[in-house]
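all I have is the shape, not the residue letters:
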């Protein structure tokens, strides 16, 4: 009888060791998946940020300086001459300011021969990305042909 009892204890110990091993492996895999998810979320945030900032920069390079021209591409943009804001939710849809997770600021300074701009994307009060722009404007005289 004692030998059967000892064999049962040995099997139970082996079973506990196997379960302990799988529990450790499971916790390690869970940490790996959480880290992968966080990296993916940060990469998506940076991709969307760069897409919107680049789109605004290309509009400025094309000569768009007025809010009405920006509204063709950013429907919810607001602000006054040379200082515009556009707000986004967590899924990068344009929204009003109240429920925004992200916001983009566009600051333009017009000078006689150039336009300087600064486009910044924010998450709350934290700056995510900034792009400085310098566009030289071609000045033509009335008697010149294009």
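Good, I have the coordinates. From a predicted model like this one, the values you see are computed outputs, not experimental measurements.

what residue is smack in the middle of the chain?
Compute the mean C-alpha point of the chain, and by C-alpha atoms, centre = their mean the closest residue is residue 45, 2.6 Å away.

what is the mean pLDDT for the host helix or strand of that one?
Using DSSP states H and E, residue 45 sits within helix 2-61. Here helix 2-61 scores 91 as its mean pLDDT.

would you mind measuring the gap between the ends of stretch 73-80?
End-to-end distance for stretch 73-80, by C-alpha to C-alpha, to the nearest Å: 17 Å.

I misspoke; the intended subject was stretch 68-75.
9 Å.

residue 75 and residue 43, how far apart?
Using C-beta to C-beta, to the nearest Å, one obtains 26 Å as the distance from residue 75 to residue 43. C-beta here means a position set from N, CA and C on the backbone, and glycine is covered the same way.

got it, and residue 32?
On the measure of C-beta to C-beta, residue 32 and residue 43 end up 16 Å apart.

likewise residue 115?
32 Å.

between the two, which is the more surrounded one?
residue 115 (18 against 10; other C-beta atoms under 10 Å).

and the helix or strand the more buried one falls within, how far out from the chain middle?
Assigned by DSSP H and E, residue 115 falls within strand 114-123. From the chain centre to the centre of strand 114-123 is a distance of 16 Å (C-alpha atoms, centre = their mean, to the nearest Å).
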